[in-house]
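J.: can't give you the sequence, but here's the structure:
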């Protein structure tokens, strides 16, 4: 049935009345625009009370997903397909996205943050299921800035109350090395620089474990440490053609970015390796430096536990060995002109005692420094304490602590004992 008037969208006069679900609607036949709609009842309760509601407020209209939600779900599904994630991961990420869009914190944000929200949901899902996925990988797929992605991720974790475990260092090493171009033959990589993936991964993992045991990982960003460890592992597998290659060229050939602190982590690792090399008997005749010690990384890692114990004092051994009253009587007194003969005779006979072994190690490898974090060995210049600002909300001590934050405060008995001795030192 034709009606008079013009369509406000296209200006056409071909307006018709159409019955849609038993309600009359005025529709433009040219563009399909609905000019007006009738009323209908949606539930038995409404029919009993003779209440009529518009179709846009009915149950059928509310069940339809918004355009923003549909677009976000498709983006989450596409990202899961690119990463080749299982179907369970996709369902969990979609449910997180739907829950987040219902909150006021994400409903009125910019379109860019809504697009990053889908990537954050996928990232959280992978972390919760111990799937090795880094924030940098998601940012590269979404062409997003890491600082903006991190802010959306923290907001999502706070608003939904999600507990996200930290990515283990072993999974991070595997994920980081999978992106290296040195593992596959290409035109830009010389033949002598190609390396087997399994060999490089095993050697890098051993160096990263060494860095973890020597306090080089605690409180640091893991990517520079993994980059420096991979560089040393790559050089040590074939030293002759690779010792002249610097770290910057290695990263260019591998196709990864060079993080600025990687040079400092490389210097710290080489200092640890030089200290361990001073305890190997067949290496004491060589004048080792930071380049030549790379040739012997395989031997140093093979005897890692023994060399660390002999090269560095642990748990306050340095304090116990030099404490007053522990030596022979009269050894530290100013009035005695010479050492006691009985003490000299005892030391000459008991050469297998721990004190004699400690003295021999000091003669070969120098004075052993304590195995402490670098921030305690080389403390930075402290800034002037600023005036304490009044917090917006007073802390009562009853604030909830997440599981991921709780893990940072848990320490083993060995760590507690080592930290207590470090503070005393």
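T.: It's in. Just so you know, these numbers come straight off a predicted model, no measurement behind them.

J.: if we go by neighbour counts, what in stretch 88-106 is buried?
T.: For stretch 88-106, a neighbour-count test (16 or more other Cβ atoms under 10 Å) marks 89, 90, 92, 93, 94, 96, 97, 100, 101, 106 as buried. Placement of C-beta: from N, CA and C, glycine included.

J.: on the three-state scheme, residue 96 is what?
T.: helix (DSSP: H, G, I helix; E, B strand; the rest coil).

J.: do you know how far it is from residue 85?
T.: Here the criterion is Cβ to Cβ, to the nearest Å. By it, residue 96 lies 13 Å from residue 85.

J.: try residue 191
T.: In terms of Cβ to Cβ, residue 191 sits 36 Å off from residue 85.

J.: just residue 10 next, same as before
T.: Going from residue 10 to residue 85 by Cβ to Cβ gives 45 Å.

J.: which of these two has more neighbours?
T.: Using other Cβ atoms under 10 Å as the criterion, residue 10 and residue 85 rank with residue 85 on top: 20 against 12.

J.: that one touches residue 123, doesn't it?
T.: No. Using Cβ atoms under 8 Å as the test, residue 85 is too far from residue 123 to be in contact (11.1 Å).

J.: residues contacting residue 265?
T.: Shown in contact with residue 265 (Cβ atoms under 8 Å, 6 or more residues apart in numbering): 211, 216, 220, 224, 225, 227, 228.

J.: now residue 224
T.: Contacts for residue 224 (Cβ under 8 Å, 6+ apart) come out as 259, 260, 261, 262, 264, 265.

J.: ok, back up a step: tell me the two of the contacts of residue 265 that are most distant?
T.: 216 and 227 (13.0 Å; Cβ to Cβ).

J.: for the protein, what spans make up the strands?
T.: 2-3, 15-20, 23-28, 34-37, 39-40, 53-54 (DSSP state E).

J.: mind listing what's buried in stretch 194-204?
T.: For stretch 194-204, the neighbour count (16+ other Cβ under 10 Å) marks 195, 200, 201, 203, 204 as buried.

J.: what's the nearest residue to residue 123 if we skip its chain neighbours?
T.: Nearest residue to residue 123 in three dimensions, chain neighbours excluded: residue 138, at 5.2 Å (Cβ to Cβ, 6 or more residues apart in numbering).

J.: what is the least confident helix or strand in the protein?
T.: helix 341-349 (a mean of 37; mean pLDDT, DSSP states H and E).

J.: which parts of the stretch 251-400 of the chain are helices?
T.: Here the stretch 251-400 of the chain has its helices, by DSSP state H, counting those that start in this stretch, at 262-277, 297-302, 304-311, 317-321, 341-349, 354-365, 374-377.

J.: and those, which one is worst for confidence?
T.: Here the lowest mean pLDDT among these goes to helix 341-349, at a mean of 37.

J.: out of the buried residues of stretch 194-204, which are inside helices?
T.: Judged by DSSP state H, the subset of these located in helices is 200, 201, 203, 204.

J.: tally up the residues packed near the closest residue to residue 272 other than its chain neighbours, please.
T.: Residue nearest to residue 272 in three dimensions, not counting chain neighbours: residue 214, with 5.1 Å by Cβ to Cβ, 6+ apart. By the criterion of other Cβ under 10 Å, residue 214 has 23 neighbours.

J.: how much space between residue 214 and residue 271?
T.: 9 Å.

J.: how much space between residue 309 and residue 89?
T.: 44 Å.

J.: same thing with residue 253?
T.: Here residue 253 is placed at a distance of 33 Å from residue 89 (Cβ to Cβ).

J.: same check on residue 377?
T.: Going from residue 377 to residue 89 by Cβ to Cβ gives 43 Å.

J.: please apply the same query to residue 72.
T.: Residue 72 sits at a distance of 16 Å from residue 89 (criterion: Cβ to Cβ).

J.: tell me the pLDDT of residue 18.
T.: Reading off the model, residue 18 has pLDDT 69.

J.: all further residue positions should be reported with the first residue as 529.
T.: Happy to do that; since the first residue is 529 now, the last one works out to residue 546.

J.: so what's the residue count around residue 686?
T.: Using other Cβ under 10 Å, residue 686 has 11 neighbouring residues.

J.: check what pLDDT it gets.
T.: On the pLDDT scale, residue 686 gets 90.

J.: residue 942: neighbour count?
T.: Counted with other Cβ under 10 Å, residues neighbouring residue 942 total 10.

J.: for the stretch 579-728 of the chain, which segments count as helices?
T.: Under DSSP H, counting those that start in this stretch, the stretch 579-728 of the chain gives helices at 587-590, 595-610, 615-629, 632-635, 639-656, 663-670, 674-688, 697-706, 725-741.

J.: turn those into TSV, including distance to residue 818.
T.: Below are these laid out as TSV (distance: least, Cβ to Cβ, whole Å):
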stretch	distance to residue 818
helix 587-590	68
helix 595-610	41
helix 615-629	44
helix 632-635	50
helix 639-656	37
helix 663-670	29
helix 674-688	32
helix 697-706	23
helix 725-741	15
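
J.: residue 815: which of these is closest?
T.: Closest to residue 815 of those is helix 725-741 (Cβ to Cβ; 23.0 Å).

J.: what's in contact with the closest one?
T.: 697-698, 701-702, 705, 708, 710-711, 745, 753-754, 757-758, 760-762, 764-765, 793, 796-797, 800, 825-826, 829, 832, 836.

J.: quick one: contacts for the residue nearest to residue 800?
T.: By Cβ under 8 Å, 6+ apart, the contact set of residue 742 is 800, 836, 840, 899.

J.: select only the buried ones of the residues you listed in PyMOL?
T.: PyMOL command restricting the contacts of residue 742 to the buried ones, with burial defined by 16+ other Cβ under 10 Å:
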select buried, resi 800+836+840+899
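
J.: so where's the chain uncertain?
T.: Residues of the chain that meet the criterion pLDDT under 70 lie in 529-532, 546-552, 565-593, 695, 841-898, 908-923, 925, 931-938.

J.: let's go with 50 and repeat that
T.: Residues of the chain meeting the criterion pLDDT under 50: 529, 569, 572, 575-576, 584, 587-591, 842-894.

J.: quick check: domain ranges of it?
T.: Following the TED database, one finds the domains of the chain at 543-587, 595-693, 698-842.

J.: that older thread, point out the most buried one among the helices of the stretch 579-728 of the chain.
T.: helix 639-656 (a mean of 22; mean count of other Cβ atoms under 10 Å).

J.: got the angle for that one vs helix 674-688?
T.: Using axes from the mean of the first three to the mean of the last three Cα atoms, to 10 degrees, one finds that helix 639-656 and helix 674-688 are set 70 degrees apart in direction.

J.: nice, that's everything, thank you.
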